[in-house]
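J.: Got a predicted model here, sequence first, then my questions.
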Amino acid sequence: MKIGKILKYIFISILVIFIAIVMIRVFMNAERSTLSDIFPTESAKKAYASQGEKAFKTHKLVKDITQDGYFTAYALSYCESAKELQITVRYNDSLPEKYLKGTSRDEYYFKLCDEDGNLIATGNILKEKHRYFYNYLRLSFDGVEITDTTHLRLYLCVDSVGYPDEDTEGLLIHYPEQKFKKLSLSKDEKKSLKV
């Protein structure tokens, strides 16, 4: 075999491996199924018992990643009768190592604020999962009342380093007059919500 052909095959092999790595990374980044189901809190179970599927609403987020890239969010569900909002957040293992240096994941918590930065609710971690190099958290926020004028932003908080600061935008998860739609529950969700 000639040197030219060997180099050609080596180049093609490297290119195929590179493309495969990029594609795997893209699919991992786009993955939105981990911890996306409604968690069966007591409030959610009571709402389901009295209203069935009508108890839960959802809408897509305008953006699913913060401006600084510290976390993404998806799978928002809102139960109006229970005033409970659930959402899944994901952040990279590198966050405490590269961006919020000197912090620990144990320090992280999430809060919901209105457009003026006033605290609406602090998140409760319902379930955690680690997959690849991502940390997933299913969060619930209690006492959330959404009206036609409600504006909600989600913030990652780390008190030891003063994050977020006054320039942090957080992640817009609901804006005034944003329309909800009925959330279709899976068989597993229906089963878990039965009292």
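T.: The structure has been received and is ready for your questions. Numbering: from 1, shown residues only.

J.: you'd agree V158 is up against G102?
T.: No - V158 is not in contact with G102 according to C-beta atoms under 8 Å; the separation is 9.6 Å. All C-beta atoms are positioned from the backbone trio N, CA, C, and that covers glycine.

J.: neighbour count winner among these two?
T.: V158 (19 against 10; other C-beta atoms under 10 Å).

J.: now the strands: where do they sit in this structure?
T.: 56-58, 72-79, 84-92, 109-113, 119-122, 124-131, 134-142, 152-157, 171-174, 181-182 (DSSP state E).

J.: So what touches the fifth one?
T.: If I follow you right, that is strand 119-122. The contact list for strand 119-122 (C-beta atoms under 8 Å, 6 or more residues apart in numbering) reads 85, 109-114, 141-144, 152.

J.: Quick one, which of those are buried?
T.: 85, 109-113, 141, 144, 152 (16 or more other C-beta atoms under 10 Å).

J.: returning to that earlier point: from the contacts of strand 119-122, pick the one nearest L7.
T.: Distance to L7, by C-beta to C-beta, is smallest for F110 among those, at 51.9 Å.

J.: so what's that closest one bridging to?
T.: L156 (DSSP bridges).

J.: Over to L139?
T.: Going by DSSP bridges, L139 forms beta bridges with I87, I125.

J.: Of all the helices and strands in this protein, which has the lowest average confidence?
T.: When the helices and strands of the chain are scored by mean pLDDT, DSSP states H and E, helix 3-30 comes last with a mean of 66.

J.: residues making contact with stretch 169-181?
T.: Contacts of stretch 169-181 (C-beta under 8 Å, 6+ apart): 57-59, 61-67, 71, 73, 76, 78, 87, 112-113, 146, 148-155, 164.

J.: For the protein, give me the ranges with low pLDDT.
T.: Scanning the chain for pLDDT under 70 picks out 1, 15-16, 18-32, 195.

J.: let's go with 90 and repeat that
T.: Within the chain, the stretches with pLDDT under 90 are 1-34, 64, 97, 102, 131-133, 166-167, 177, 194-195.

J.: quick one on the thing from earlier: can you say which of the strands of the chain is packed in most?
T.: Scoring the strands of the chain by mean neighbour count under mean count of other C-beta atoms under 10 Å gives strand 84-92 as the most buried, with a mean of 24.

J.: quick one: contacts of it?
T.: 34-36, 38-39, 41, 43-44, 47, 70-79, 108, 110, 112, 121, 126, 133-142, 144, 146, 152, 154, 156, 173.

J.: rerun that using 6 Å as the cut-off
T.: Under the criterion C-beta atoms under 6 Å, 6 or more residues apart in numbering, residues 35-36, 43, 71-78, 134-142, 144 lie in contact with strand 84-92.

J.: How about stretch 138-151?
T.: Residues outside stretch 138-151 that contact it (C-beta under 6 Å, 6+ apart): 35, 39, 41, 83-88, 110, 112, 114-115, 121, 123-124, 126-127, 175-177.
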